[in-house]
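Q: Please find the sequence and the predicted model below.
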Amino acid sequence: MEDAAAIISQAVEGVKSKISLDYMRKCQREGLFPYALWDACAEQGLLALGVPEALGGLGGGLREQCLLLETLNREGIGLQAIVILAMDRSTLLKHGTEDQIQRFVVPTLDGSMKLCFAITEPNAGTNAFKMTTLATRQDDGSYRLNGQKTWISNFKESDYCLIVARTTPFKDVADRREGISMFMLDTKAAGITAQPLQLGTNQASQQYTLFFDDVVIPAENLIGEEGKGLKCLFHALNPERLSVASMSIGLGELVLRKGVEYAKIRAPFDAPIGSYQGVQHPLAYAKAHLEAARLMRDKGVDLYDAGRNCAPEANMAKLLASDAGFEAVNAAMQAFGGSSMAWENDLIAYFTPLRLNQIAPINNQMMLNYIGEHVLGLPKSY
Ligand SMILES: Cc1cc2nc3c(=O)[nH]c(=O)nc-3n(C[C@H](O)[C@H](O)[C@H](O)COP(=O)(O)OP(=O)(O)OC[C@H]3O[C@@H](n4cnc5c(N)ncnc54)[C@H](O)[C@@H]3O)c2cc1C
């Protein structure tokens, strides 16, 4: 896509003109889905980024979607739902049938359909292989879903959920990677109970614990081959990691800018605090680390868009960017001193999402595990 940065930045200006920071603060503090932001992004055509023009999309690839996430976050209007949208759509575009692409990708382009993603279970956590939610095939080809998921973002606000479930129980598979399948689940289907969670993430999204009691999933909503869902899933994880890296870079730049501006004017001992190395160097370190993380993110998205393996870069980018984002908010908060705790300065508000990016969608220890084992060739450590 030519001039992607200019097109995205102009469209984001259009979004900004419609969305006040007070609206964002309210959604973030109350864990509300930011419908007005979603609609403004849709109006600017931004939800069609990353989908081929032949399907009615704007074209572009993961690079453009990551640039969008970075820009929105840098402007304080981050939309977590875009990460999940990009992840679900990349899975569907790669593994879905033509009919599934028409039903689940095309209606998302103008924002009229929202998607979420569900893999996490209370007793499995990071070890998703241990999931117990089971989809059992019926004689008519449909599936019956039973089990539980937790932490699922925007489930009730979404129309469909890309859900990962076992079609063969864990105890019956020789290889833990087998027997896992992916489905598009109608979030309004009978037999689903969604309980909202009370979290302090300060993100404009709501999480749910879900209970499935004989929920019917039509045969035509199975994505890819039954029992081979892990192949589809792995395709979705690298774009997600690069997307989260982009959120951290954008939000990290925003908090760093705030810290620097404040350090230039705050002068309790007459000289601006930014002239003290104790304040200046942590800000400078954070800047260097954010820039380095962006380079790794760019390398990862370019490999992904070229259809090449980007797993090492996606893992490294997520690790570096989430650490750099947290470093930036830490340095900015130190510069603000006591004022960092005032809601009006937004730093305490951005502290939690930047810390969260080190933990979810996957913790940084797993990034290190990947690098240790698959990049350095060390023995598996867990
Ligand atoms: C705000 C929010 C939104 C979320 N949205 C979604 C969603 O939309 N869909 C979804 O499916 N899930 C979602 N999640 C779940 C998220 O992906 C999980 O929280 C995450 O995968 C970690 O699982 P866990 O919290 O059970 O951690 P656990 O598995 O209990 O791990 C706890 C800690 O132990 C350490 N650890 C664990 N395993 C290892 C290891 N092998 N090596 C070294 N250290 C290890 C890590 O430090 C880790 O942080 C969300 C979570 C949050 C908080």
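A: Nice, thanks for sending it over. Numbers count the residues shown, from 1 in each chain.

Q: Please count neighbours and contacts with C-alpha atoms only from this point.
A: Noted.

Q: Look up how far Trp151 lies from whichever residue of the chain sits closest to the ligand.
A: When scored by C-alpha to the nearest ligand atom, the chain has Gly125 as its residue closest to the ligand, at 3.1 Å. As judged by C-alpha to C-alpha, to the nearest Å, Gly125 and Trp151 stand 10 Å apart.

Q: tell me the pLDDT at the residue of the chain closest to the ligand?
A: We have a pLDDT of 92 for Gly125.

Q: Neighbour count for Gly125 and Trp151, which is higher?
A: Taking other C-alpha atoms under 10 Å, Gly125 and Trp151 do not tie; Trp151 has more neighbours (20 against 15).

Q: Just say helix, strand or coil for that one.
A: Secondary structure, DSSP: H, G, I helix; E, B strand; the rest coil: Trp151 is strand.

Q: give me every residue that touches it.
A: Counting by C-alpha atoms under 8 Å, 6 or more residues apart in numbering, Trp151 makes contact with 120, 197, 207-209.

Q: pLDDT score assigned to it?
A: So Trp151 comes in at 97 (pLDDT).

Q: hmm, back to that, so what does the residue of the chain closest to the ligand have for phi and psi?
A: The phi/psi pair for Gly125 (degrees, to the nearest 10) reads phi 50, psi -130.

Q: Can you spell out which helices and strands pack onto the lengthiest helix in the chain?
A: Assignment by DSSP state H gives helix 229-265 as the longest helix of the chain. In terms of contacts (3 or more C-alpha pairs under 8 Å, 6 or more residues apart in numbering; DSSP states H and E), helix 229-265 is packed against helix 62-74, helix 81-95, strand 180-186, helix 277-305, helix 311-336, helix 347-356.

Q: hmm, who's touching stretch 90-107?
A: With C-alpha under 8 Å, 6+ apart, stretch 90-107 has contacts from 55-56, 89, 113, 160, 220-221, 223-224, 232-233, 235-236, 239.

Q: residues of that stretch that come out buried?
A: Buried residues in stretch 90-107, counting neighbours by 16 or more other C-alpha atoms under 10 Å, are found at 90-93, 95-97, 100-101, 104-106.

Q: Give me whichever of the helices and strands packed on helix 229-265 is most buried.
A: Across those, the average number of neighbours (mean count of other C-alpha atoms under 10 Å) peaks for helix 311-336, which reaches a mean of 26.

Q: That helix to helix 229-265, inter-axis angle?
A: Counting by axes from the mean of the first three to the mean of the last three C-alpha atoms, to 10 degrees, helix 311-336 points 30 degrees away from the direction of helix 229-265.

Q: what helices or strands is helix 311-336 leaning on?
A: Judged by 3+ C-alpha pairs under 8 Å, 6+ apart, helix 311-336 is in contact with helix 229-265, helix 277-305, helix 347-356, helix 364-370.

Q: do that helix and the ligand meet?
A: No. Residues of helix 311-336 are not located near the ligand by C-alpha under 6 Å from any ligand atom, the shortest gap being 12.6 Å.

Q: now that helix against helix 277-305, angle please.
A: Using the same axes, to 10 degrees: helix 311-336 against helix 277-305 is 150 degrees.

Q: Rounded mean pLDDT for helix 311-336, please.
A: Averaging pLDDT along helix 311-336 gives 98.

Q: One more: stretch 248-258?
A: pLDDT averaged over stretch 248-258 gives 98.

Q: got it, and stretch 31-50?
A: Mean predicted confidence for stretch 31-50 is 97.

Q: Off-centre distance for that stretch?
A: Centroid separation for stretch 31-50 versus its chain: 15 Å, with C-alpha atoms, centre = their mean, to the nearest Å.

Q: contact partners of that stretch?
A: The contact list for stretch 31-50, computed with C-alpha under 8 Å, 6+ apart, reads 8, 11-12, 14-15, 18-19, 24, 26-27, 56-62, 64-65, 68, 77, 79, 82, 86, 108-111, 154, 157, 199, 201-206.

Q: Tell me the buried residues in it?
A: Buried residues in stretch 31-50, counted by 16+ other C-alpha under 10 Å: 31-34, 37-42, 44-50.

Q: Isn't Thr108 up against Lys114?
A: Yes. Contact criterion C-alpha atoms under 8 Å: Thr108 and Lys114 qualify, at 6.3 Å.

Q: Could you report the separation of the residue most central in space within the chain from Leu254?
A: Most central in the chain under C-alpha atoms, centre = their mean is Val83, positioned 3.8 Å from the mean C-alpha point. Note on Val83: its distance to Leu254, by C-alpha to C-alpha, is 19 Å.

Q: can you list the domains in the protein?
A: Split into domains by automatic domain parsing, the chain comes to 4-108, 115-227, 231-375.

Q: Any residues of the protein in contact with the ligand? List them.
A: Counting by C-alpha under 6 Å from any ligand atom, the chain comes close to the ligand at 117-120, 125-126, 151-153, 201, 359-363, 365-366, 382.

Q: Just the buried ones among those residues, please.
A: Applying 16+ other C-alpha under 10 Å to the residues of the chain next to the ligand flags 117-120, 126, 151-153, 201, 362 as buried.

Q: among those, which are in strands?
A: Taking DSSP state E, the ones among these that sit in strands are 117-118, 151-153.
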